[in-house]
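Peer 1: Take a look and give me a structure for this.
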Amino acid sequence: MCSAVGNPGSGTGTATSWITFQSALFAAITTIDRDYITISRYNYRKHRATGTALYERAYCYELYHQLRNALGSRKPPFTYTVHGELSKLADNSTTQRLTRAWMTLSTAQSQSRSSRRRPASASGRGIRHRSVRGFIPDFIVHRAGSPDNLVVMEVKSSTSIAQRPGSAAVDIRKLAAFVDSGGLGYYKGIFLVFGDRPPLITNPALVPSNIDILWHEPASHRPIVIHSQGQQPVSGITNGIRLPL
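Peer 2: Next up is the predicted model:
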């Protein structure tokens, strides 16, 4: 990939591509069979099934398959490429740019919460730098070899968030670095949660406006928008998992 980064613009063409992708994503989610959401486990010693579990990799593989199918039928043709688990940190300039965005967002969030954090060194090394370097999104939608970046998406199971609630907040902040104009300039970020328990946002103001938070509720096979720019917060949802943003 080239070293230039940043979205070339957010004009009508980009907005149209986002609408096309969003429509295909929602269609893909609705076609995922429950067998790819909650997977039965078998105990060979007891010779019986021992319940079900949520497996992010199995879910993402099926989502990728259904998403490619949905985008392949769009007219006019969708001109971006969907890649799974592809690192965008191909060179030092990209890494440094993304790290600066991460550090700026981390500092702003710390100040908004009036909390103290360990300062980063001038070189950008340290805990924040290592965190960004190790972040490979589950999905990116882009034009490879160019700075034209449309969507970055991270997928988490409700079980994973319940066990490590802090990791969800970190991932949302990493998505924020990807969509930040000082980072890689992605047009939209998506944090998709699948499982029986929805994510609950305690402080919506800390979620950037260009990041959507979705919940795939298995029983209804439909995505529910938990947070999106210009949309009223979802009400009436109980038994959720709070995201400690």
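Peer 1: Can you give me the pLDDT of residue 201?
Peer 2: We have a pLDDT of 80 for residue 201.
Peer 1: Bridge partners for it, pull those for me.
Peer 2: With DSSP bridges applied, residue 201 shows beta-bridge pairing to residue 243.
Peer 1: Quick check: it touching residue 243?
Peer 2: Yes - the pair residue 201 / residue 243 is scored as a contact, 5.7 Å apart, by Cβ atoms under 8 Å. All C-beta spots, glycine's among them, are computed from the backbone N, C-alpha and C.
Peer 1: Neighbour count: the two, which is higher?
Peer 2: residue 243 (24 against 18; other Cβ atoms under 10 Å).
Peer 1: Now for the more buried one: which residues touch it?
Peer 2: Residue 243 is in contact with 161, 165, 168-169, 172, 199-202, counting by Cβ atoms under 8 Å, 6 or more residues apart in numbering.
Peer 1: buried set for stretch 63-74?
Peer 2: The neighbour-count check on stretch 63-74 (16 or more other Cβ atoms under 10 Å) flags 63-64, 66-67, 70-71 as buried.
Peer 1: What sits closest to residue 43 if chain neighbours are left out?
Peer 2: Among residues not flanking residue 43 along the chain, residue 50 sits closest, at 4.4 Å (Cβ to Cβ, 6 or more residues apart in numbering).
Peer 1: Hmm, the one you found is touching residue 44, no?
Peer 2: No - contact criterion Cβ under 8 Å: residue 50 and residue 44 do not qualify, at 10.1 Å.
Peer 1: Drop anything exposed from the contacts of residue 243.
Peer 2: The neighbour-count test (16+ other Cβ under 10 Å) marks 161, 168-169, 172, 199-201 as buried among the contacts of residue 243.
Peer 1: Tell me the buried residues in the host helix or strand of residue 28?
Peer 2: Using DSSP states H and E, residue 28 sits within helix 12-30. For helix 12-30, burial by neighbour count (16+ other Cβ under 10 Å) applies to 14, 17-18, 20-22, 24-25, 27-29.
Peer 1: What is the neighbour count of residue 164?
Peer 2: The number of residues packed around residue 164, counting by other Cβ under 10 Å, is 12.
Peer 1: same deal with residue 136?
Peer 2: Residue 136, neighbours per other Cβ under 10 Å, totals 13.
Peer 1: what sits up against stretch 160-167?
Peer 2: Applying Cβ under 8 Å, 6+ apart, the contact partners of stretch 160-167 are 54, 56, 156, 168, 193, 197, 199, 241-244.
Peer 1: circling back: between residue 50 and residue 44, which is the more surrounded one?
Peer 2: Neighbours were counted for residue 50 and for residue 44 using other Cβ under 10 Å; residue 50 has more, 11 against 6.
Peer 1: Could you pull up the contacting residues of the more buried one?
Peer 2: By Cβ under 8 Å, 6+ apart, the contact set of residue 50 is 41-43.
Peer 1: what's the helix or strand for it?
Peer 2: Per DSSP H and E: strand 48-54 holds residue 50.
Peer 1: if we take the buried residues of helix 12-30, which one ends up nearest to residue 144?
Peer 2: Taking Cβ to Cβ as the measure, residue 144 lies nearest residue 17 of the buried residues of helix 12-30, at 15.1 Å.
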